[in-house]
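J.: Structural data only, the sequence is not supplied:
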């Protein structure tokens, strides 16, 4: 599924072709010998670059991309139906354990950016969300964010069923 924040949260399918010679592909929607078509859920958000987010070189300071990615992950969780405030009230949290960012091209003031987020891995306690930031046809950023579910003491804990939503698990798993 694709949740597009530009059209008020319209849900649309997004498919991609993956080739697995002689292999299996988890949740197979359609197959042709050794070719599988899978659907993934992608949340799309838009941000306009503000001048104060730019550095002395005139482009977005690298640290500000973390804010963009955080905003998009928050929207991704909301679109899944994740009740963040209820989770906090129950004494749990989601911590970011690792962020990997590949900077491809810079963004500039007034650029219209599109941020795509989707789950690529989920375990009992943690997972990884992949994210991309685009300006039109240009890929600016690729990121992988590892997160962990924690208890009130900040210790990793198994995700309780009410927050272990299907969209956190990649559809191909």
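T.: Sure thing, it's come through. Source: prediction; values computed, not measured.
J.: contact partners of stretch 82-100?
T.: Contacting residues not belonging to stretch 82-100 are listed as 66, 69, 74, 77-78, 126, 143-152, 154, 157, 160, 162-163, 165 [Cβ atoms under 8 Å, 6 or more residues apart in numbering]. The way it works is simple: take the backbone N, C-alpha and C, and place the C-beta from them, glycine included.
J.: again with stretch 53-68
T.: 47, 49, 99, 101, 103, 106-109, 113, 115, 133, 141, 143.
J.: follow-up on the earlier one: now list the buried members of the contacts of stretch 82-100.
T.: Neighbour-count burial (16 or more other Cβ atoms under 10 Å) applied to these gives 69, 77, 126, 143, 145, 147-150, 157, 163, 165.
J.: Quick one: those residues as JSON lines, columns for distance to residue 89 and pLDDT too.
T.: Formatted as JSON lines, the buried ones among the contacts of stretch 82-100 follow (distance: Cβ to Cβ, whole Å; pLDDT from 0 to 100):
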{"residue": "69", "distance to residue 89": "25", "pLDDT": "97"}
{"residue": "77", "distance to residue 89": "16", "pLDDT": "92"}
{"residue": "126", "distance to residue 89": "22", "pLDDT": "96"}
{"residue": "143", "distance to residue 89": "29", "pLDDT": "98"}
{"residue": "145", "distance to residue 89": "24", "pLDDT": "97"}
{"residue": "147", "distance to residue 89": "19", "pLDDT": "96"}
{"residue": "148", "distance to residue 89": "19", "pLDDT": "96"}
{"residue": "149", "distance to residue 89": "15", "pLDDT": "96"}
{"residue": "150", "distance to residue 89": "15", "pLDDT": "97"}
{"residue": "157", "distance to residue 89": "16", "pLDDT": "96"}
{"residue": "163", "distance to residue 89": "12", "pLDDT": "89"}
{"residue": "165", "distance to residue 89": "17", "pLDDT": "89"}
